[in-house]
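> following is a predicted model, sequence given first.
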Amino acid sequence: MDILFRKNEISGDTALIVGVYEDLALSKTAKKIDEQVNGSLAKALKIAGFSGKIGDLYDFIALDSLPVKRLVCVGLGKKNAVDELAAQQIGARAANALLTSGETTVAFAVDDLPAAPIGFGAKIASYRFTKHKTVFKKPVTVKEFHIMTDKAQIAQSRYEPYFAVAKGIHTARDLVNEPANAVTPAAFAKRAEELQKYGLMTEIYTPDQLRAKGLNMMLGVAQGSVNPPRLVVVQWRGCPNDKNTHVVLVGKGVTFDSGGISLKPAKGMEDMKEDLAGAATALGTLQTLAMRKAKVNAAAVMAMVENLPSGTAQRPGDIVKSLSGITVEVVNTDAEGRLILGDALWYAQERFKAPVVIDLATLTGAIVVALGTRYAGLFTNSDELGARLEKAAADSGEKVWRMPMDDEFDEQIESDIADIRNTSNAGRAGGSITAAAFLKRFVMPETKWAHLDIAGVALQEKNAPLTPKGGSGYGVRLLNRYIQDNLEK
């Protein structure tokens, strides 16, 4: 669905959306229509019990004497209280109101509301993954969503950075929603190469190259699959005269996670195509930075593997030597994400020497038990970085909750026969924390590091205003906001 901005002109051929605040305070355009129908609009809203709260909708398709083809009222909440996040919600709910209605063109008279974030909310809400469907019960029919404002040209200009974020989110969602037979490690790498058209630089490393470099933990996870691993490195150099890299994103990219020899239960295993969400978000964020020409040098390092059982698969009890030199006892092959991230983190630091490294991973079910499906777990060795990510989360609407990282958790990953083990020796207690403690072993002392466990937020189990069911693209808004506010020149 295309978002277009135009002047506020009511047409009889238009399916029109107008806003109504709480206490039935009509917006400027709604008031104009109410006057044209002799007060019938306000009267009908009152009879219907319309509250005006954000999320409230009423369709007046049958109201006599309407000056438009179809009219929908959308709640705007309290007057003079519509901030950026509220505007995104309003745009999302307005888009969803008529998305599958049979209308092909819809207009939303936003009047004095912030038009650009409304357009952004509408754009990301309209996403549907239908690539593999041939039969549709309620297809999306709206092709153009017009936002009517007296400042259309200014709104269009302000919308461009939002559009870049939306495209990054859509890329991340697409990669999570695709089945594992469509997105193998090599196929993911090809998708990354396709984004070079935006000015990104891409490098792809094959198993032989990974072996030569010493990324043995990553190779160990991948050795059970016929689909060989890839290390995908993408760079955006928005400050070409500066040789430094300001931030590196490290993404867990398990294109399918069966658990390996430590096989997962069959129920729900089909969702394990989502285990590449960290890598998908890292790639989507780099695309956003490139599309909006961000004045920053950023890189993404994405470890892409498939974790399957076979005669060549890694066994529980195996010991592997990491890129950093630390030896690891693989107690559970289903704790594979921390293994590939350990190598990728070390590679990212050695290669780019960036002061800030942020990894993203659908790492543990334990974080879902702790925080549910609205917050990502935030672990960090830097209070400053933690505070800045928390602010970016609040400003972007993608929530995080900081988790503890006491030294006592380090003892729980000590191994009797190797340097460390990949699961806790204390059982399931604090599973997300001991996973973060494992990753911390691969962080250099001078690096400001944050780990985002996105297992609870990467996949949306049911439709929400901004996010349809499926891959959420969580993290693109958050990381883009953090980079924009803290790292751009």
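Happy to help now that I have it.

> helices of the stretch 1-150 of the chain, start to end?
For the stretch 1-150 of the chain, the helices defined by DSSP state H, counting those that start in this stretch cover 28-36, 40-48, 84-98, 115-125.

> and these: which comes nearest residue 177?
Nearest of the helices of the stretch 1-150 of the chain to residue 177, taken as CB to CB: helix 115-125 at 14.1 Å. Every residue, glycine included, has its C-beta placed from N, CA and C.

> by contact count, what packs against that closest one?
Judged by 3 or more CB pairs under 8 Å, 6 or more residues apart in numbering; DSSP states H and E, helix 115-125 is in contact with strand 2-6, helix 84-98, strand 144-148, helix 152-177.

> these: which one's closest to residue 210?
Set against residue 210 and scored by CB to CB, these come closest in helix 152-177, at 21.1 Å.

> list the buried residues in that closest one.
152, 155-156, 158-159, 161-177 (16 or more other CB atoms under 10 Å).

> check stretch 244-255 too.
Of all the residues in stretch 244-255, those buried under the rule 16+ other CB under 10 Å are 245, 246, 247, 248, 249, 250, 251, 252, 253, 254, 255.

> where does residue 379 land in three-state SS?
Counting by DSSP: H, G, I helix; E, B strand; the rest coil, the backbone at residue 379 sits in strand.

> so it touches residue 434, yeah?
No. With contacts defined as CB atoms under 8 Å, residue 379 does not count as touching residue 434, sitting 10.9 Å away.

> for the stretch 301-450 of the chain, which segments count as strands?
318-321, 327-330, 356-361, 375-380, 399-402, 420-421, 448-453 (DSSP state E, counting those that start in this stretch).

> would you format these as TSV with mean pLDDT included?
Below are the strands of the stretch 301-450 of the chain laid out as TSV (pLDDT from 0 to 100):
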stretch	mean pLDDT
strand 318-321	98
strand 327-330	98
strand 356-361	98
strand 375-380	98
strand 399-402	98
strand 420-421	98
strand 448-453	98
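
> deepest-packed of the ones you listed, please.
Comparing the strands of the stretch 301-450 of the chain by mean neighbour count (mean count of other CB atoms under 10 Å), strand 356-361 comes out on top with a mean of 28.

> partner strands of that strand, with direction?
Paired strands of strand 356-361, with direction, are strand 247-257 (parallel), strand 448-453 (parallel) (DSSP bridges).

> residue 324 contacts residue 346, correct?
Yes. Using CB under 8 Å, residue 324 is in contact with residue 346, at 4.4 Å.

> joint contacts of the two?
Counting by CB atoms under 8 Å, 6 or more residues apart in numbering, the contacts common to residue 324 and residue 346 are residue 442.

> which one's more surrounded, those two?
Ranked by neighbour count (other CB atoms under 10 Å), residue 324 and residue 346 place residue 346 first, with 24 against 21.

> so who does the more buried one touch?
322, 323, 324, 442.

> just for this protein, where's the confidence low?
Applying pLDDT under 70 to the chain flags the ranges 61-64.

> how does it divide into domains?
Using automatic domain parsing, the domain ranges for the chain come out as 2-152, 164-486.

> for those, which one ends up most surrounded?
Stretch with highest mean neighbour count among the domains of the chain: domain 164-486 (a mean of 21; mean count of other CB under 10 Å).

> coming back round to it: closest one of the contacts of residue 346 to residue 118?
Within those, distances to residue 118 taken as CB to CB reach their minimum at residue 442, with 42.7 Å.

> quick one: the closest one and residue 322 touch, right?
Yes. Residue 442 lies in contact with residue 322 (CB under 8 Å); the separation is 7.1 Å.

> who touches both of those two?
Common neighbours of residue 442 and residue 322 (CB under 8 Å, 6+ apart) are 342, 343, 346.

> format these as CSV; extra columns: distance to residue 69.
Shown next, in CSV, are the shared contacts of residue 442 and residue 322 (distance: CB to CB, whole Å):
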residue, distance to residue 69
342, 59
343, 58
346, 60
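
> distance of the closest residue to residue 374 other than its chain neighbours relative to residue 277?
In this structure, residue 374 finds its nearest non-sequential neighbour in residue 399, 5.7 Å apart by CB to CB, 6 or more residues apart in numbering. Residue 399 sits 16 Å away from residue 277, going by CB to CB, to the nearest Å.

> report the contact partners of residue 248.
298, 299, 300, 301, 348, 349, 352, 354, 356, 357, 358.

> so the fourth one bridges to which residues?
Beta-bridge partners for residue 301, by DSSP bridges, are residue 233, residue 250.

> isn't it up against residue 252?
No. The pair residue 301 / residue 252 is not scored as a contact, 10.7 Å apart, by CB under 8 Å.

> one step back: got TSV for the contacts of residue 248, with distance to residue 234 too?
Listed next are those as TSV, based on distance: CB to CB, whole Å:
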residue	distance to residue 234
298	9
299	7
300	5
301	8
348	12
349	17
352	12
354	14
356	17
357	15
358	15
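
> of those residues, closest to residue 192?
Checking the contacts of residue 248 against residue 192 by CB to CB gives residue 300 as the nearest, at 8.5 Å.

> chain neighbours aside, what residue packs nearest to the closest one?
In space, residue 300 is closest to residue 282, 4.0 Å off (CB to CB, 6+ apart).

> relative to strand 448-453, how tilted is whatever helix or strand the one you found lives in?
For residue 282, the enclosing helix or strand under DSSP states H and E is helix 277-291. For helix 277-291 against strand 448-453, the angle between stretch directions is 120 degrees (axes from the mean of the first three to the mean of the last three CA atoms, to 10 degrees).

> before we move on, the earlier item: tell me which of the helices of the stretch 1-150 of the chain sits nearest to residue 372.
Minimum separation from residue 372 across those (CB to CB) falls at helix 84-98, 19.7 Å.

> what helices or strands is the closest one leaning on?
On a contact count with 3+ CB pairs under 8 Å, 6+ apart, helix 84-98 meets strand 15-21, strand 57-59, strand 70-75, strand 105-109, helix 115-125.
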